[in-house]
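**Q** Dropping the sequence and predicted coords here.
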Number of protein chains: 4
Amino acid sequence: MSVLVEFAMFPTDKGESVSSYVSRVIKVVDESGVNYKLTPMGTVFETETVDEALSVLKNSYEVLAPDCNRVYATVKFDIRKNRSNRMSQKIASIETKLGREVKK
Amino acid sequence: MSVLVEFAMFPTDKGESVSSYVSRVIKVVDESGVNYKLTPMGTVFETETVDEALSVLKNSYEVLAPDCNRVYATVKFDIRKNRSNRMSQKIASIETKLGREVKK
Amino acid sequence: MSVLVEFAMFPTDKGESVSSYVSRVIKVVDESGVNYKLTPMGTVFETETVDEALSVLKNSYEVLAPDCNRVYATVKFDIRKNRSNRMSQKIASIETKLGREVKK
Amino acid sequence: MSVLVEFAMFPTDKGESVSSYVSRVIKVVDESGVNYKLTPMGTVFETETVDEALSVLKNSYEVLAPDCNRVYATVKFDIRKNRSNRMSQKIASIETKLGREVKK
């Protein structure tokens, strides 16, 4: 199984600039060992089970909880059986269809 | 703590009409005992912990997993400390600010 | 055609409480004449064209722009041909499938 | 002004594999001239105005409309005044905070 997740999580009680809080979340993802990719709007990662994916989200909230009163998060899941390695496969499939490379 | 969640979860390998699958998910939420509200675009519910919220999501996927090859989900979290009962409070606060009732 | 939209739009440079800003957005939706419903996590509305839907979003941003440096928005679209009135129809369809009423 | 958008748009009436439809949307983004990046879960792009951003979304729907009965889309906006070039800047800012490179 392949569980692809795209998420953004940030405090909304800290004013306009939140990159120091977001960097804590990225650290959690990076150290969790999952295959991931940071984008300008969030983080995409892939796990083999839904439990693992939810656990990354849970741990991300935990590093914000101590000093953040209000946290907002958006999460998208694309869960597909009998697949793996979709972090690169989905983009490759688009490029094959288009017959050319895209920006990634 | 108040964990407000808005989510939609549905299979994408079942064609255009998916209400029979979505109704399984609503059944999970309804029977979980959490305070919830069905909207035309998803379900909003409130829990007291992040764990409880993630557990509702996990159970929702479980009822689709047996016969769905691909499941898509979008989830938003608004997590706020020292609050409760925001299912009605947030809307009431908007109505106070506007000085009139809104459609809800 | 039925264009169902669920969206939330709020400034992230105004601290923890943003209901006075959110109420401006709700006012825009309310006065636009579209069929809508406020939820604890956003607003759901229905239009007949994509243009109308995008125009509501554009007008929502316009009322925040003057005094908000940073605005975040999440939007979901469910666009379906040969349908109308899905604001009530989608929920009714779930209730039929479940054989009972749900909270809405 | 910098309008960062992350979006995914796909038909839900075409079964499990939709990459041929998604590739039409990427083609629209690619040919629109905006700065963009394809991710395994969607596309991130940046424009200077909200109008331009909505126009990319509108054009994306247009290439699916002819043969898709039902289209689903999720969109996130992060709109910030007095900024530009956030496609690379946001990630660079996280790396500075973490003191190391991340996967991107």
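**A** Yes, it's here. Numbers count the residues shown, from 1 in each chain, chains lettered A, B, ... in the order given.

**Q** Quick one: the helices in chain A, in order.
**A** A:19-32, A:50-64, A:86-98 (DSSP state H).

**Q** Tabulate these (TSV), appending mean pLDDT.
**A** Shown next, in TSV, are the helices of chain A (pLDDT from 0 to 100):
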stretch	mean pLDDT
helix A:19-32	97
helix A:50-64	98
helix A:86-98	95
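
**Q** got CSV for the ones you listed, with mean neighbour count and distance to chain D too?
**A** Every C-beta, even on glycine, is put in place using the N, C-alpha and C of the backbone. Below are the helices of chain A laid out as CSV (neighbours: other CB atoms under 10 Å in any protein chain shown; distance: least, CB to the nearest CB, whole Å):
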stretch, mean neighbour count, distance to chain D
helix A:19-32, 19, 4
helix A:50-64, 19, 12
helix A:86-98, 17, 4
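
**Q** Need those helices in JSON lines (columns: distance to residue D:2).
**A** Output for the helices of chain A, formatted as JSON lines (distance: least, CB to CB, whole Å):
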{"stretch": "helix A:19-32", "distance to residue D:2": "14"}
{"stretch": "helix A:50-64", "distance to residue D:2": "24"}
{"stretch": "helix A:86-98", "distance to residue D:2": "24"}
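
**Q** And those helices: which comes nearest residue B:42?
**A** Minimum separation from residue B:42 across the helices of chain A (CB to CB) falls at helix A:50-64, 17.8 Å.

**Q** Compare the helices of chain A and give me the one nearest residue C:68.
**A** Of all the helices of chain A, helix A:19-32 comes closest under CB to CB, at 18.8 Å.

**Q** Quick one: list the elements packing against the closest one.
**A** strand A:2-11, strand A:35-39, strand A:42-47, helix A:50-64, helix D:86-98 (3 or more CB pairs under 8 Å, 6 or more residues apart in numbering or on different chains; DSSP states H and E).

**Q** will you turn those into a markdown table that also has distance to residue B:29?
**A** What follows is the helices and strands packed on helix A:19-32, written out as a markdown table (distance: least, CB to CB, whole Å):
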| stretch | distance to residue B:29 |
| --- | --- |
| strand A:2-11 | 21 |
| strand A:35-39 | 29 |
| strand A:42-47 | 24 |
| helix A:50-64 | 16 |
| helix D:86-98 | 35 |
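
**Q** got the ones you listed as JSON lines, with distance to chain B columns?
**A** Below are these laid out as JSON lines (distance: least, CB to the nearest CB, whole Å):
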{"stretch": "strand A:2-11", "distance to chain B": "8"}
{"stretch": "strand A:35-39", "distance to chain B": "16"}
{"stretch": "strand A:42-47", "distance to chain B": "13"}
{"stretch": "helix A:50-64", "distance to chain B": "5"}
{"stretch": "helix D:86-98", "distance to chain B": "20"}
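
**Q** Residue A:78: what's it in contact with?
**A** A:3-5, A:86, B:70-72, D:41 (CB atoms under 8 Å, 6 or more residues apart in numbering or on different chains).

**Q** Distance to chain C for these - can I get that in TSV?
**A** Shown next, in TSV, are those (distance: CB to the nearest CB, whole Å):
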residue	distance to chain C
A:3	20
A:4	18
A:5	16
A:86	22
B:70	17
B:71	16
B:72	11
D:41	14
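
**Q** just those now: which is nearest residue C:99?
**A** residue B:71 (23.7 Å).

**Q** With adjacent residues omitted, what lies nearest to that closest one?
**A** residue A:79 (4.5 Å; CB to CB, 6 or more residues apart in numbering or on different chains).

**Q** Burial check on the one you found, number of neighbours?
**A** When neighbours are defined as other CB atoms under 10 Å in any protein chain shown, residue A:79 has 26 of them.

**Q** Tell me if I'm right that it and residue B:62 touch.
**A** No: here residue A:79 does not reach residue B:62: they are 11.4 Å apart, not a contact under CB atoms under 8 Å.

**Q** Any idea which of the helices and strands packed on helix A:19-32 gets closest to residue D:9?
**A** Closest among these, once you apply CB to CB, is strand A:2-11, at 13.9 Å.

**Q** got the CA coordinates for the closest one in PDB?
**A** Output in PDB follows, covering the C-alpha atoms of strand A:2-11 (Å, rounded to 0.1, in the frame of the first residue of the first chain):
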ATOM      1  CA  SER A   2       1.100   3.600  -0.600                       C
ATOM      2  CA  VAL A   3      -0.200   6.400   1.600                       C
ATOM      3  CA  LEU A   4       0.700   9.700   0.100                       C
ATOM      4  CA  VAL A   5       0.100  12.700   2.300                       C
ATOM      5  CA  GLU A   6       0.400  16.400   1.600                       C
ATOM      6  CA  PHE A   7       0.200  18.600   4.700                       C
ATOM      7  CA  ALA A   8       0.800  22.100   6.100                       C
ATOM      8  CA  MET A   9       0.700  22.800   9.800                       C
ATOM      9  CA  PHE A  10       1.400  26.100  11.500                       C
ATOM     10  CA  PRO A  11       0.400  28.200  14.500                       C
END
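
**Q** what pLDDT, on average, does that strand get?
**A** Mean pLDDT, computed over strand A:2-11, is 98.

**Q** How far away from the center of its chain is that strand?
**A** Taking CA atoms, centre = their mean, to the nearest Å, one finds strand A:2-11 lying 3 Å from the centre of the chain it belongs to.

**Q** Direction included, what does it pair against?
**A** For strand A:2-11, the paired strands and their directions (DSSP bridges) are strand A:42-47 (antiparallel), strand A:70-80 (antiparallel).

**Q** Redo these as JSON lines? Include mean pLDDT and distance to residue B:53.
**A** Listed next are those as JSON lines, based on pLDDT from 0 to 100; distance: least, CB to CB, whole Å:
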{"stretch": "strand A:42-47", "mean pLDDT": "98", "distance to residue B:53": "18"}
{"stretch": "strand A:70-80", "mean pLDDT": "98", "distance to residue B:53": "10"}
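
**Q** deepest of those, which one?
**A** strand A:42-47 (a mean of 25; mean count of other CB atoms under 10 Å in any protein chain shown).
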